[in-house]
Structures are given as C-alpha cells and as structure tokens.
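**Student:** Generate a structure from the sequence data that follows.
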Amino acid sequence: MTFASPPLLRRESGTALWRQIAAMLEKDIAAGQHPPEERLPSEGNLSVRFGVNRHTVRRALEELERRGLIRTEQGRGSFVAGEVLDYPLHGRTRFFDTIRAQRREPGGRILRLGAVPAPRAVAEALGIAHRSPVLRAERLGMADGAPVVIGVHHLPLPRFAAAETALRAMPSITAALAACGVADYRRARTRITARLPTGEEAQRLRQPRTRPVLASEALNLDAEGRPVDFTLACYAAGRVQVLVEEEMPEGWPGTAKGDAPSGASPF
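**Tutor:** Coordinates of the predicted model:
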C-alpha cells in the first residue's frame, strides 16, 4: 500500500512516538483502510512511512496487538483482527450452522485421523474401558478462512468404524455420525476453561502463545442417551466469544410450537 503524504509525527508533543504511530494505525483501521484479516505493511515500510526506526514501529504494533486490534504471525507479519464471532452453546450447536447464521463462510479440514487407545478421561466420559479403541479425529474449523477452533473428537469403536471413511471424504462430524446411523444427537454437558495454547495450537490458530484460548470439554449423546462423541476443543479467544443460550420450552413466548435451535458438537 502506498501513501500520498506520510503523516508528520509531533516529536515535541510529549507523547511517545510509538503511541502516536499506534494511534494513527488505529485510525486507519477504524476508517477501513485496512479491512479485517488484511496484512499490514511490513515493519520496514512503516519505518519509512513514519520516519522512525523499526524498534519504534514494533512497539506500536505490540500495543495494537495487546489491545486486540491486530495479531502477529511469526514469519508472516501483522494482520488486522477479524470481527469477533458469537459462538452459541446449547443442546444442538453445530459449527457450520453457527458460522452461516452470522453470514460468514464456514470451512474445516481434518488434521489427524485414526484409531487410538482411549485415555482414562476420554474412556470415563464415553463409559468405556480405559484404553478401549476410539476413533480420534482432530479438526480445524474456520470462518471466512480464519481459524477459530481446533476440535479433537473421540468416537467409540467399533460402533463408529465407518466414520473414518466418511471423514476422509468430507470433514464433518455430523455427517460422519449420520453415516453410522446417528441422525441426531445432543450435548449433555460442556466445561469451559481458559489456558495458554501449546506451540502447535498457537500455530494452527495463527495467534501468539501468550494469548489464551478458550478450552472446552463436551459430551454428546444419541437419541437413546448413549455417548457418541467426547470432544476437546480450543477456541481462538481473540476471534470467538462463547454465548450460552437456554433452549425455550414449547409454547414459550417468541418460540413457535415445535421449534428447536437448529444445528451438539463444535462441528
């Protein structure tokens, strides 16, 4: 991006130069000169624009990142933060429906897929013996191309053996469960905590390791109340805010008889 006339910093104003640069960049972002998810000019280009050294520019960018206006990806540069996504949690939350409902384009891909022995916590949640086989599916969920969640799903075997083939064809947990005869399922419980991401999680979510993620555990049941999926997920807290919704009973004001929230799984 080129600039018609570089803005002049007020060097005798008593306000640190990096603060002035941060304020100008914030103004540019607010004015739409740098839309969400756009990469900002490099530190070198910004140094030329403002007539300062890179350290001063870097300090300004660090301030914008601290305030959640931009994010910095190692080796790629700084990007304008996207709009925060409302992620509602209720009995039948589904990732693709949630993203589309906010007029954004959902996406996803399988990162790892295969049978593993169930760790103790997973086995207890699914009601199976420790180290019994489960299908472990690690999936990255995206909105408008930006990663928002990593979900690690555990489906008991051999009941869901056909889910592996289904997931290789289409990375949808809902479709994979349907391929195994589970047409509908509901979330029994969710536990949400905050923690720092691992190095791999930070890289997958394109965020610094110093920024927390929202970590969740979710157990999903079929219509007979049998566990079908235990999910461990981590959400990019800078792009997602969790919205807890209560499901309204039939006949409740504003709810048509028989209506239920559409779309229990992060995916």
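**Student:** Please count neighbours and contacts with C-alpha atoms only from this point.
**Tutor:** Fine.
**Student:** residues making contact with stretch 33-47?
**Tutor:** Residues outside stretch 33-47 that contact it (CA atoms under 8 Å, 6 or more residues apart in numbering): 1, 28-29, 53-54, 57-58, 77-83, 146.
**Student:** Mind telling me which residue is nearest the centre of the chain?
**Tutor:** Geometric centre of the chain, nearest residue: Val148, 1.7 Å, by CA atoms, centre = their mean.
**Student:** Find the helix or strand that the nearest residue to Met142 once chain neighbours are set aside is a member of.
**Tutor:** Distances taken as CA to CA, 6 or more residues apart in numbering put Gly107 closest to Met142, at 4.8 Å, once the chain neighbours are dropped. Secondary structure assigned from DSSP states H and E places Gly107 in strand 106-117.
**Student:** Mind checking the pLDDT average for that strand?
**Tutor:** Per-region confidence: strand 106-117 scores 95 on mean pLDDT.
**Student:** again with stretch 63-83
**Tutor:** For stretch 63-83, the mean per-residue pLDDT is 83.
**Student:** Same check on stretch 157-169?
**Tutor:** Mean predicted lDDT for stretch 157-169 stands at 96.
**Student:** can you give me the offset of that stretch from its chain's centre?
**Tutor:** In terms of CA atoms, centre = their mean, to the nearest Å, the centre of stretch 157-169 is found 24 Å from the chain centre.
**Student:** okay, Gly258: pLDDT?
**Tutor:** 41.
**Student:** Oops, could you answer that again for Pro7 instead?
**Tutor:** pLDDT, Pro7: 58.
**Student:** of the contacts of stretch 33-47, buried ones?
**Tutor:** Among these, those buried by neighbour count (16 or more other CA atoms under 10 Å) are 29, 54, 57-58, 78-82, 146.
**Student:** of all the residues you listed, which two lie farthest apart?
**Tutor:** Based on CA to CA, the longest span within the buried ones among the contacts of stretch 33-47 runs between Arg54 and Ala146 and measures 27.7 Å.
**Student:** Could you pull out the strands in the protein for me?
**Tutor:** In the chain, the strands defined using DSSP state E lie at 70-73, 77-80, 85-89, 106-117, 133-143, 146-156, 185-195, 213-222, 227-236, 240-244.
**Student:** Can you say which of those strands is nearest to Ala178?
**Tutor:** Of the strands of the chain, nearest to Ala178 by CA to CA is strand 185-195, at 9.7 Å.
**Student:** Partner strands of the closest one, with direction?
**Tutor:** strand 213-222 (antiparallel) (DSSP bridges).
**Student:** what mean pLDDT does the strand it pairs with have?
**Tutor:** Strand 213-222 comes out at a mean pLDDT of 95.
**Student:** Quick one: residues in contact with it.
**Tutor:** By CA under 8 Å, 6+ apart, strand 213-222 touches 125-126, 182, 184-197, 227-237, 264-265.
**Student:** One more pass at 7 Å, please.
**Tutor:** 182, 184-197, 227-237, 264-265 (CA atoms under 7 Å, 6 or more residues apart in numbering).
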